[in-house]
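In: just the structure for this:
(chains A and B)
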2 protein chains.
Amino acid sequence: MLLCDIGNTSYDFLDGDTNYKESAKTFNPKTITKKVFYICVNPHAKKVLNELDNWVDISRHVDMKNYYESMGVDRIFACEAVREGVIIDAGSAITVDVVKDGVFDGGFIYPGIKAMSQTYKNISSVLDYPFNFECRFDKMPKNSQDAISYGFLKTLQSEVLSHNMDIFLTGGDANEFIKIFPHAKIDKLLIFKGMQKTIKLI
Amino acid sequence: MLLCDIGNTSYDFLDGDTNYKESAKTFNPKTITKKVFYICVNPHAKKVLNELDNWVDISRHVDMKNYYESMGVDRIFACEAVREGVIIDAGSAITVDVVKDGVFDGGFIYPGIKAMSQTYKNISSVLDYPFNFECRFDKMPKNSQDAISYGFLKTLQSEVLSHNMDIFLTGGDANEFIKIFPHAKIDKLLIFKGMQKTIKLI
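Out: Predicted coordinates:
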């Protein structure tokens, strides 16, 4: 079974156990002739795929009553994969979603590493540092790099840990965020698992 | 006594009890002939003021041993005004500084309203909302506007409240942040109070 999760920058495929990406800019979906089950947040790709019979959009098979209309379909499918816990999808945005007893309980959106780094840099050139994921959180910072790292990361950590639930980490920056959520479980295939679960019900 | 706190966008004056601002772009400091005690984070203004005998930079009169070198002088003087508490200076950046028993204990830097709003908008046009300062924090959001408002504000609130100290709010956006820190004390003159304290010791 071939699955595809399409974002604004890439087509993320799962073919059996093989996970690979293609650039959204250059990839031509017509080159695939076998059946593909997909979800898509990319408006341009959506148009193209609508014309292709072998590309099957599975998003309409999710029961939407517990989600909200403008919620990204990638967040919805990650939630579908989890019975209980906090899901952190760390990409260009960081989405934090809570699932309780199999039901979406709500979630929030936080800027991703690149976006937040640019934000500090735009505020002042003296804040142009990479984030320090090893920054101590048990005492307040006394240097500029830790002052922005603490601002970006400790605030997020405090909020996530306050839910006192299992944490699932997915997305391109999961390997960075495991440093501040050491007890989290990294699962890069979480969205695909939600897709597989939904396909079984079709 | 005439005091002036100079930032990148304005000259903020305190003349007796009268507080007023002049634009950093258009104001000519030579138009003032009486003595002015000032602090300044604006590199261009610093150069101009260095040439004027009646403008007295009081930043070198602070004992720097508890602060760090690259720390903004406005943050330092706000800390000088407080004996015990968390100081939130909400402007283009939000600085959060902790003072314990009259000594700076460290602080962090978070993006201001305008910067953070632009950040979400840059991530995706579907996140282009004003922040909702009345957003409920006791349950997780289920709409896009609250999802970014919670991401920006609840994370900051959680971290600040975790210190369990008195909160002092200053800066241009203090009137917005009082909504999420209702027990805070707004003091728009905090930096001037730190300046007055220092001048008494000169």
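In: partner residues bridging A:Ile88?
Out: Bridge pairing for A:Ile88 (DSSP bridges) gives the partners A:Val96, A:Leu169.
In: list the contacts of it.
Out: A:Ile88 sits next to A:94-96, A:160, A:167-171, A:174, A:177, A:181, A:184 when contact means C-beta atoms under 8 Å, 6 or more residues apart in numbering or on different chains. (C-beta placed from N, C-alpha, C; glycine too.)
In: let's have those residues in JSON lines, adding distance to B:Cys135 and neighbour count.
Out: Shown next, in JSON lines, are those (distance: C-beta to C-beta, whole Å; neighbours: other C-beta atoms under 10 Å in any protein chain shown):
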{"residue": "A:Ile94", "distance to B:Cys135": "18", "neighbour count": "24"}
{"residue": "A:Thr95", "distance to B:Cys135": "16", "neighbour count": "24"}
{"residue": "A:Val96", "distance to B:Cys135": "15", "neighbour count": "25"}
{"residue": "A:Val160", "distance to B:Cys135": "18", "neighbour count": "24"}
{"residue": "A:Ile167", "distance to B:Cys135": "23", "neighbour count": "20"}
{"residue": "A:Phe168", "distance to B:Cys135": "25", "neighbour count": "23"}
{"residue": "A:Leu169", "distance to B:Cys135": "25", "neighbour count": "22"}
{"residue": "A:Thr170", "distance to B:Cys135": "26", "neighbour count": "26"}
{"residue": "A:Gly171", "distance to B:Cys135": "24", "neighbour count": "25"}
{"residue": "A:Ala174", "distance to B:Cys135": "27", "neighbour count": "21"}
{"residue": "A:Phe177", "distance to B:Cys135": "24", "neighbour count": "24"}
{"residue": "A:Phe181", "distance to B:Cys135": "24", "neighbour count": "21"}
{"residue": "A:Ala184", "distance to B:Cys135": "26", "neighbour count": "20"}
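In: what segments of chain A are strands?
Out: For chain A, applying DSSP state E gives strands covering A:2-6, A:10-15, A:18-23, A:36-40, A:55-57, A:85-90, A:93-100, A:103-111, A:167-170, A:185-186.
In: could you give the mean pLDDT of the fifth one?
Out: When you say that, I think you mean strand A:55-57. The average pLDDT for strand A:55-57 rounds to 97.
In: okay, buried residues for that strand please.
Out: If you call a residue buried by 16 or more other C-beta atoms under 10 Å in any protein chain shown, then strand A:55-57 has these buried ones: A:Trp55, A:Asp57.
In: pLDDT wise, what is the residue most central in space within chain A at?
Out: Centroid-nearest residue in chain A: A:Asp89, 2.9 Å away (criterion: C-alpha atoms, centre = their mean). Listed pLDDT for A:Asp89 reads 97.
In: isn't it up against A:Ala78?
Out: Yes. With contacts counted by C-beta atoms under 8 Å, A:Asp89 reaches A:Ala78, the gap being 5.8 Å.
In: now do the shared contacts for those two.
Out: By C-beta under 8 Å, 6+ apart, A:Asp89 and A:Ala78 have these common neighbours: A:Asp97, A:Thr170, A:Leu190, A:Ile191.
In: domain assignment for chain A?
Out: In the domain annotation for chain A, the residue ranges read A:2-57, A:81-201 (automatic domain parsing).
In: end to end, how far does the shortest one reach?
Out: Pointing back at domain A:2-57 there. Length of domain A:2-57, first residue to last, C-alpha to C-alpha, to the nearest Å: 12 Å.
In: which of the residues in stretch A:59-71 are classified as buried?
Out: Here stretch A:59-71 shows A:Ser59, A:Val62, A:Tyr67, A:Tyr68, A:Met71 as buried, counting by 16+ other C-beta under 10 Å.
In: so does it get close to chain B?
Out: Yes. Under the criterion of C-beta under 8 Å from any C-beta of the partner chain, stretch A:59-71 makes contact with chain B via A:Tyr67, A:Tyr68, A:Ser70, A:Met71.
In: got the contact list for the second one?
Out: This means A:Tyr68. B:Lys142, B:Asn143, B:Ser144.
In: how near is the second one to B:Met71?
Out: Distance check for B:Asn143 against B:Met71: by C-beta to C-beta, to the nearest Å, it reads 39 Å.
In: so which residues of chain A form helices?
Out: Using DSSP state H, the helices of chain A run over A:43-50, A:73-80, A:113-123, A:144-149, A:155-161, A:174-177, A:190-201.
In: for A:Val99, which non-adjacent residue is spatially closest?
Out: In space, not counting the residues next to it along the chain, A:Val99 is nearest to A:Val82; the distance is 4.7 Å by C-beta to C-beta, 6 or more residues apart in numbering or on different chains.
In: and that neighbour, what's its pLDDT?
Out: On pLDDT, A:Val82 comes in at 98.
In: if we can go back for a sec, right, so the strands of chain A: which one is the most enclosed?
Out: strand A:85-90 (a mean of 25; mean count of other C-beta atoms under 10 Å in any protein chain shown).
In: distance from the chain centre to it, please.
Out: Distance of strand A:85-90 from the chain centroid (C-alpha atoms, centre = their mean, to the nearest Å) equals 7 Å.
In: what residues are up against the residue nearest to the centre of chain A?
Out: A:Asp74, A:Arg75, A:Ala78, A:Thr95, A:Asp97, A:Thr170, A:Gly171, A:Leu190, A:Ile191.
In: give the contact list for A:Phe108.
Out: Counting by C-beta under 8 Å, 6+ apart, A:Phe108 touches A:Thr95, A:Val96, A:Glu159, B:Met140, B:Pro141, B:Asp146, B:Ala147, B:Ile148, B:Tyr150, B:Gly151, B:Lys154.
In: rerun that using 6 Å as the cut-off
Out: Shown in contact with A:Phe108 (C-beta atoms under 6 Å, 6 or more residues apart in numbering or on different chains): A:Val96, B:Pro141, B:Ala147, B:Tyr150, B:Gly151.
In: what would the residues you listed look like in JSON lines with pLDDT?
Out: JSON lines is the format used below for those (pLDDT from 0 to 100):
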{"residue": "A:Val96", "pLDDT": "98"}
{"residue": "B:Pro141", "pLDDT": "98"}
{"residue": "B:Ala147", "pLDDT": "98"}
{"residue": "B:Tyr150", "pLDDT": "98"}
{"residue": "B:Gly151", "pLDDT": "98"}
